[in-house]
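Trainee: task: produce atomic coordinates for the following.
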Amino acid sequence: MAREYGKAGHGARQMGSKRELKYTAIAGLMLLLLWLWFANIGSMTKLGLPVVILMVFGFRMAVNELEKKGKHFKKRANDAYRGARAEEKVAERLASLPESYVSFHDLSFPGFNVDHIAVGPGGVFVIETKSHGGKVTNNGNALLLNGHAPEKDFINQTWSQTYHIRNLIKEHLGTEIPAKPVLCFSNAFVQVRGSVKGVDVVNGGYLNTFIAKQKTVLNNEMIKKVSAALRSATSIAEPEKRKCPHCQTELVLRQYQSGQKIGQQFYACLPCKKGFPIS
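Mentor: Alright, predicted model coming up:
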């Protein structure tokens, strides 16, 4: 099993929570406006019909605008939660890589974050995760989602993150380490063969196979140095090592995928199939 650092989907879930709070605040404001309107409707009728008509028109515009903003934040919150679940699924896949690999999740940098980085014999893989469904194809160097260009330039986004990680590693180690940009769709049917503008496009089920097929370019010593550089640059601490009280196997960090504790971490013993609270 690959060693893991960071908590997949944590940043996306925080973003979803903030957007949900905005949606709740807007809904509360709409209820307040409605209450004020009906509470003062008697007083407003004394102002005359033209004034009342103008006030009704203005009130309707204000409510419509608030409703539009509320729906926008609700959709963005749902998108963030869906993205968090996709990142957690990819993290589960990366956790099953061989022990020679190290995986990092949800690395934050000024202005952006990197969903996953896998470091192992096959090199450094910078993985951008997308939760979109449907069919992913390409028309030459253009990536298509259900036959259309996606709302964002996923290829440029993945390259931008990869360049940043390359430069970060070079600054810490004084030597350039190749890093592969990977765009991973957790729910879509990927029909892309090869790469798009140098970015390998895969689905979640094929991700580990793709990584395993790469030629060996890093030895164990270099894997340790690259991993240490990433931990240092992102302030990710070495995870606590704990052993199963039943079989003495080293426990691994996992996340609840459903229920009241969804997103929370716990220690798991894979041979015994038992879970233990972090505390």
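Trainee: what is the burial count for residue 123?
Mentor: Applying other CB atoms under 10 Å, we find 20 other residues in the vicinity of residue 123. In this view, the C-beta of every residue, glycine as well, is placed from N, C-alpha and C.
Trainee: so what pairs up with it in the strands?
Mentor: Beta-bridge pairing for residue 123 (DSSP bridges): residue 120.
Trainee: my guess is it contacts residue 212. True?
Mentor: No - at 11.9 Å, residue 123 does not count as touching residue 212 under the criterion of CB atoms under 8 Å.
Trainee: where are the low-confidence patches of the stretch 101-250 of the chain?
Mentor: Counting by pLDDT under 70, the stretch 101-250 of the chain contains low-confidence ranges at 235-241.
Trainee: quick one, helices of it?
Mentor: 154-173, 207-212, 220-234 (DSSP state H, counting those that start in this stretch).
Trainee: from the contact counts, what lies against the first one?
Mentor: With contacts taken as 3 or more CB pairs under 8 Å, 6 or more residues apart in numbering; DSSP states H and E, helix 154-173 sits against strand 112-120, strand 123-130, strand 179-185, strand 199-203, helix 220-234.
Trainee: nearest to residue 140, of the ones you listed?
Mentor: Closest approach to residue 140 among the helices and strands packed on helix 154-173 is made by strand 199-203 (13.4 Å; CB to CB).
Trainee: quick one: stretch 90-103 to chain centroid distance?
Mentor: 17 Å (CA atoms, centre = their mean, to the nearest Å).
Trainee: could you list the buried residues of that stretch?
Mentor: By 16 or more other CB atoms under 10 Å, the buried positions in stretch 90-103 come out as 90-91, 93-95, 97, 100-103.
Trainee: output the helices of the stretch 101-250 of the chain in JSON lines; the columns should cover mean neighbour count and distance to residue 118.
Mentor: As requested, these are exported to JSON lines (neighbours: other CB atoms under 10 Å; distance: least, CB to CB, whole Å):
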{"stretch": "helix 154-173", "mean neighbour count": "18", "distance to residue 118": "11"}
{"stretch": "helix 207-212", "mean neighbour count": "18", "distance to residue 118": "6"}
{"stretch": "helix 220-234", "mean neighbour count": "16", "distance to residue 118": "10"}
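Trainee: closest one to residue 25 among those helices?
Mentor: Nearest of the helices of the stretch 101-250 of the chain (CB to CB): helix 154-173, 29.8 Å.
Trainee: show residues contacting that closest one.
Mentor: For helix 154-173, the external contacting residues (CB atoms under 8 Å, 6 or more residues apart in numbering) are 109, 112, 114, 117, 124, 126, 128, 130, 143, 176-183, 196-199, 225-226, 229-230, 232-233.
Trainee: are any of these buried, and which?
Mentor: 114, 117, 124, 126, 128, 130, 143, 177, 179-183, 196, 199, 225-226, 229-230.
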